[in-house]
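Novice: no sequence for this one, just the structure:
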DNA sequence: GTAAACTCTATAATTATTATAGGGAATTAG
DNA sequence: CTAATTCCCTATAATAATTATAGAGTTTAC
C-alpha cells in the first residue's frame, strides 16, 4: 500500500495541476482542501521541490507551483520519492536494490523471478502514466 | 514491499513443496534452512494451516505438509493471508476495500482509476502464478 | 521594517511489524 | 500409563516505520 505521504503528494500535485493558471499556491490551501495537516504537507512539498518536481517562491504572494508539465511527471517518480521501492522484494528493485539476507542463490530463486514479472507489470503502468492522466480524469 | 511474514511463508511453502515425498516436515527444519526464528515461523505456519493451505500432525513424527497441490496455491492467496491487500490504495482493494477518508467522489478520482490498472496488472501475475511456478524454477 | 510564506532540522506520538514466551493439547513409543 | 515430542494458542515485549508537531531560520513584497 502507498503511504499517506505518497497519497498526499498525489493530491497536492493534482491540486497544483488543476490550478496552473495561478502563479503560486499556498500549502495552506492544499492542506485545507484535503484535510491534511499543514506541517505534514509542508515536508512533502519540500521533498517534491528538492526532487525538481515543484518550484516555490518565498514571502508574501509566494507558494508552490509545478515546474514541469504534468505529462512529464510519471507516477513512478512520485512513489519512489516518497515511499521508496515499487517492487515487492528488495532483490528485484531497480532503484533500491538490496539482496535478501536469507537467499543463497539469487539467480535460482523461484520467488524472485515471479516478482520480477510483477515489478515489470507495475512499472509498465506507473512509468507510463503521468500526472496528466490523473488530471484528465478529474 | 512484502513483509517478512509473507516472504517467510513463501520460503516455507517452497521447502514443503520440495520435500513432498516426506509425510511431514518439522518447523525446526524450515526455520534452520532459512535462518528464521522458530517461534516466528510457527505463527506463520499456523496461519497457513488455518487458511487451509497446510495440514499438520502433532506428536512424535508430526509436522506440517502441503494439503493442496502447488498448482492450486496462487501467490495472491499467500500475500493476502499474511500481508493483507495487494492493491496500492484501500479504495481499489478487492478483498480489503476501504474508502479514502479525504476522497469526495471516488468514481471521479483520477488517481484511483490508475491504481485500478496497477492492481489488475499485479493480479494478472499473482493470481495466475502459483507455488508450482516457484518450484519449477528452483 | 514587518508580515507573509517557504526552509530546515529535530523530535514526539502513534502504529505496524517482528520477535519472544510459555503453558496447553494431541500423538507416539516404550 | 508415562514421558517425550510436536504442534496450538494467546499474550506481550521489542523494534522499526510512519505520521505528526514544533519552532527557529530565510526570503520577499510592500
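Specialist: Received the coordinates, thanks. None of the values given here were measured: they were computed from a predicted structure.

Novice: quick one, phi/psi of the closest residue to residue A:20 other than its chain neighbours?
Specialist: Spatially, and ignoring its direct neighbours in sequence, residue A:20 is nearest to residue A:66 (6.4 Å; C-beta to C-beta, 6 or more residues apart in numbering or on different chains). All C-beta spots, glycine's among them, are computed from the backbone N, C-alpha and C. With angles defined as degrees, to the nearest 10, residue A:66 sits at phi -70, psi 130.

Novice: residues in contact with residue A:66?
Specialist: Taking C-beta atoms under 8 Å, 6 or more residues apart in numbering or on different chains, we find residue A:66 in contact with A:13, A:16-17, A:20, A:53-55, A:73.

Novice: contacts for the helix or strand containing residue A:17?
Specialist: When elements are defined using DSSP states H and E, residue A:17 is found to belong to helix A:4-18. Contacts made with helix A:4-18 from outside it, assessed by C-beta under 8 Å, 6+ apart, are listed as A:25, A:29-30, A:33-34, A:36, A:40-41, A:44-45, A:47-48, A:53-54, A:64-66, A:70, A:73, A:75, A:78-79, A:81-83, A:131-132, A:134-135, A:138, B:89, B:100, B:102, B:110-111.

Novice: residues contacting the residue of chain A found nearest DNA strand D?
Specialist: Using C-beta to the nearest atom of the strand, the single residue of chain A nearest to DNA strand D is residue A:59, 2.6 Å away. Residues counted as contacts of residue A:59 (C-beta under 8 Å, 6+ apart): none.

Novice: all helices for chain A, in order.
Specialist: A:4-18, A:27-34, A:38-50, A:75-83, A:110-126, A:131-136 (DSSP state H).

Novice: how about the last one and chain B, any contact?
Specialist: Going back to what we said before, that points to helix A:131-136. Yes: using C-beta under 8 Å from any C-beta of the partner chain, helix A:131-136 comes into contact with chain B via A:133-136.

Novice: so what's the residue count around the nearest residue to residue A:55 once chain neighbours are set aside?
Specialist: Closest residue in space to residue A:55, ignoring its immediate chain neighbours: residue A:67 at 4.0 Å, by C-beta to C-beta, 6+ apart. Counted with other C-beta atoms under 10 Å in any protein chain shown, residues neighbouring residue A:67 total 15.

Novice: residue A:67 and residue A:44: what is the separation?
Specialist: When distance is defined by C-beta to C-beta, to the nearest Å, residue A:67 is 16 Å away from residue A:44.

Novice: can you give the domain ranges for chain A?
Specialist: Chain A breaks down into these domains under automatic domain parsing: A:4-66, A:70-136.

Novice: export the ones you listed to CSV and append columns for mean pLDDT.
Specialist: Supplementary listing: the domains of chain A in CSV, determined by pLDDT from 0 to 100:
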stretch, mean pLDDT
domain A:4-66, 97
domain A:70-136, 96
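
Novice: kindly reformat these as JSON lines containing distance to residue B:4.
Specialist: Formatted as JSON lines, those follow (distance: least, C-beta to C-beta, whole Å):
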{"stretch": "domain A:4-66", "distance to residue B:4": "22"}
{"stretch": "domain A:70-136", "distance to residue B:4": "10"}
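
Novice: so how far is chain B from the residue lying farthest from the centre of chain A?
Specialist: Note on chain A: the largest C-alpha distance from the chain mean falls to residue A:104, namely 33.1 Å (C-alpha atoms, centre = their mean). Separation of residue A:104 from chain B (C-beta to the nearest C-beta, to the nearest Å) stands at 9 Å.
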